[in-house]
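**Student:** Kindly return the folded structure for what I paste below:
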Amino acid sequence: MFIITKEIYFCYGHRLMHHQGKCKNLHGHSVKASISIKSDSLNDQAMVCDFSDVKDCVGAFIDEVLDHNFLVHRDDPIIPALVAANERFLPLDEHPTAEVLSKMIFEYVKQSGFAVDQVVLWETASANACYRED
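**Tutor:** Numbers count the residues shown, from 1 in each chain. Model (predicted):
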């Protein structure tokens, strides 16, 4: 099995409603997403795929959906204030955790036709969440 990994960097803001720690407050992250693509064999260029193809796919999704966006649970009471202030935000059915975001990116890459192995989202230099399917 061959695996390649492309890293993408972006920023987002969020808060976790009902969280008992600091994450219940509005805050942001500068994150790294590591997207790993797998293949049993190499293409005619001796590659799993071109890194730029992964970057183009994931980069477009991140730019349009996640980068410099404020992510909130759909029931967050701050949403009316965000609407009134004409702020960019994305309401989610789940709480906007690193785990949920890594799954969102994974599913997008998979739906785009890549044989994605896993997506790791580094929320800080020492903390990450990973999503992969068995």
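**Student:** where do the helices sit along the protein?
**Tutor:** Under the criterion DSSP state H, the chain contains helices at 51-61, 79-84, 98-111.
**Student:** Format the CA atom coordinates belonging to the first one as CSV.
**Tutor:** This points to helix 51-61. Presented in CSV, the C-alpha positions along helix 51-61 are these (Å, rounded to 0.1, in the frame of the first residue of the first chain):
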residue,chain,number,x,y,z
PHE,A,51,0.1,16.4,-4.7
SER,A,52,-1.3,19.4,-6.6
ASP,A,53,-4.4,17.5,-7.4
VAL,A,54,-5.1,16.9,-3.7
LYS,A,55,-4.2,20.6,-3.0
ASP,A,56,-6.6,21.8,-5.7
CYS,A,57,-9.5,19.6,-4.5
VAL,A,58,-9.1,20.2,-0.7
GLY,A,59,-7.9,23.8,-1.1
ALA,A,60,-11.1,24.8,-3.0
PHE,A,61,-13.3,23.2,-0.4
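**Student:** In that helix, which residues are buried?
**Tutor:** D53, V54, C57, V58, F61 (16 or more other CB atoms under 10 Å). To be clear about C-beta, it is placed using only N, CA and C from the backbone, and glycine gets the same treatment.
**Student:** Kindly report the same for the second one.
**Tutor:** Burial within helix 79-84, assessed by neighbour count using 16+ other CB under 10 Å, is assigned to I79.
**Student:** And for the last one?
**Tutor:** Within helix 98-111, the residues scored as buried using 16+ other CB under 10 Å are A98, E99, V100, L101, S102, K103, M104, I105, F106, Y108, V109.
**Student:** Right, I'll leave it there.
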